[in-house]
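J.: what shape does this take:
(chains A and B)
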Amino acid sequence: MELICPAGTPAAFREAVDAGADAVYCGFRDETNARNFPGLNFSRDELKAAIAYARQHGAMTFVAINTFMRAGREKLWHEAVDDAVRLGADAVILADFGLMAYTAERYPEQRLHVSVQASASNADAVNFLVETFRAKRVVLPRILTIPDLARLAKQIRCEIEVFVFGGLCVMAEGRCSLSSYATGKSPNMNGVCSPASHVRYREDGCELVSELGDYTINRFPAGEAAGYPTLCKGRFNVADERGYAFEDPVSLDVMDHVDLLREAGVSALKIEGRQRGKAYVAEVVSVMRRALAANAADRPALISRLRLLSEGQRTTSGAYEKRWR
Amino acid sequence: MTVSSAMAVPLRLIPIPAIERATRLVFSHVMARHPGLFDRLGDYAHKRYGFIPSDLPVGFLVEPGKGRISVHRKPDLPPTDAAVTGGFVLLLGLLEGRLDGDAVFFSRDLTVTGDMEAMLALRNALDDCNIDLPSDIGSLAGPFAPLVRRAASEIRSRVLPREAGQWN
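T.: The predicted model follows:
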């Protein structure tokens, strides 16, 4: 199975390659990708240099152009595809069907991956994209169980890539409007979930209070690990109870199940975290590379050291090992 | 004795202008060696950033767009657009990109206040700069550069958390 690693900057890209990534995914410095954060991402020249660096070291470069085009501004997305192809991207990761059509028509030889943002999570949806746009791989959302993946793999005619470590989005990706509801900006249209422009942290006595727009997302007591101010991981008062209505502030880790993922027919394992620093990328990629080469019994000890780098300093296998209905 | 505790006492006694002169020398030298910082910062270069070591009696105000750094004795810190508070060594680790800012934030060893967008831009810009303080400071030392570089590297390897030193 391939190890697909994140890079938000050229420095992180080189760390990912050096640490043993089979492929590194990244995006341009604009709203065409779902990690459109300030100070992050690649200029055209930086991408060109990154692709060359990856090639020298036997790694691939995937370019995420995975937000949805806005009517009247399609040129921005078209140019992103044009430039990614011209610069030699090994694959483009797309979410918008219109952009997939553009790519398939203009660049029939270009390898096309279906972004998790496309929300293709059943056989009909995936096979439609394979037949219509010649998609070679689908990145599946983090809402399927491993048996779901195994069933799906038998029914679709492309490779499967799944997230195995990092930020845990618990929603139907590409369809979630929580960030948009609170801030007017979403990962789908603007490339930002819970944008920093709307985030405030403040101390209130011993508590750390996180706010998103006009909403209080969480109050962390002294000593409790903090998390991102995303609505889906907020602590709310529901009826008479105060707690996490959707999901706790935790990160994904399914490396304990990597053999089951292989048996299920998964081709590639994806690490989330283009918004994280190069220290995180280097550490996580090198540990994951070692974990993939290790025996199943040795993996937990290797992976456990990554827990402190994770949101809330806790990890979960999420829906992959779903115990609820 | 930690680096911070060793520095805290003299920093209480040395006049601010003297601290500021030394800090400005290093700051302008580092800025000159890493011009890519400004490209990545964009408009956020014009924000006022506070760096407040929780274990030192002074704080730093950085205005990248003006190429300016000033030193202030606590608690008389000037207003900032965004500020980060944490241990001095930790702040240096973040400056060099040797520590992951999010992870340190999750652990509550770091506090960020004010304009999060500006602070995020600075974090990302710094992360891509590959600042290496022993090398940058060493290059100021003329014929003693190798000696200073080695000494600074040795200090860094002793004071940074063990995990941070392993990956590069």
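J.: any chance you could map the strands in the stretch 101-250 of chain A?
T.: A:112-114, A:137-140, A:159-167, A:199-204, A:207-212, A:215-220, A:235-238, A:241-244 (DSSP state E, counting those that start in this stretch).
J.: got a markdown table for these, with distance to chain B, mean pLDDT and mean neighbour count too?
T.: C-beta: built from backbone N, CA, C; applies to glycine. Output for the strands of the stretch 101-250 of chain A, formatted as a markdown table (distance: least, CB to the nearest CB, whole Å; pLDDT from 0 to 100; neighbours: other CB atoms under 10 Å in any protein chain shown):
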| stretch | distance to chain B | mean pLDDT | mean neighbour count |
| --- | --- | --- | --- |
| strand A:112-114 | 25 | 98 | 26 |
| strand A:137-140 | 22 | 97 | 25 |
| strand A:159-167 | 10 | 94 | 24 |
| strand A:199-204 | 4 | 91 | 15 |
| strand A:207-212 | 7 | 93 | 18 |
| strand A:215-220 | 7 | 93 | 19 |
| strand A:235-238 | 15 | 90 | 13 |
| strand A:241-244 | 16 | 90 | 11 |
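J.: B:Ala121 is nearest to which of those?
T.: Of all these, strand A:199-204 sits nearest to B:Ala121, with 13.1 Å by CB to CB.
J.: packing partners for that closest one?
T.: Applying 3 or more CB pairs under 8 Å, 6 or more residues apart in numbering or on different chains; DSSP states H and E, one finds that strand A:199-204 makes contact with strand A:207-212, strand B:110-114, helix B:116-129.
J.: ok, residues contacting the first one?
T.: So that's strand A:207-212. Contact with strand A:207-212 is made by A:182-183, A:194, A:198-203, A:216-222, A:226-227, A:229-231, B:108, B:111, as judged by CB atoms under 8 Å, 6 or more residues apart in numbering or on different chains.
J.: repeat that for 10 Å
T.: A:178-179, A:182-183, A:194-195, A:198-203, A:216-222, A:224, A:226-231, A:233-235, A:249, B:105, B:108, B:111 (CB atoms under 10 Å, 6 or more residues apart in numbering or on different chains).
J.: show me the shaky parts of the stretch 151-300 of chain A.
T.: Applying pLDDT under 70 to the stretch 151-300 of chain A picks out no residues at all.
J.: in the chain, which helix has the most residues?
T.: Looking at chain A here, since you left the chain open. If you go by DSSP state H, chain A has its longest helix at helix A:278-293.
J.: other chain: chain B
T.: Chain B, longest helix under DSSP H: helix B:16-33.
J.: returning to that earlier point: do you know which of the helices and strands packed on strand A:199-204 lies nearest A:Lys270?
T.: Nearest of those to A:Lys270, taken as CB to CB: helix B:116-129 at 21.1 Å.
J.: just the helices in chain A please.
T.: A:10-18, A:44-56, A:74-87, A:97-106, A:123-133, A:146-155, A:178-183, A:258-264, A:278-293, A:299-304.
J.: quick one: is the longest helix of chain B near chain A?
T.: No. Applying CB under 10 Å from any CB of the partner chain, one finds helix B:16-33 separated from chain A by no less than 14.9 Å.
J.: please tell me how far the residue of chain A found nearest chain B sits from B:Arg40.
T.: In chain A, the residue that lies nearest chain B is A:Gly39 (3.1 Å; CB to the nearest CB). Using CB to CB, to the nearest Å, A:Gly39 is found at 5 Å from B:Arg40.
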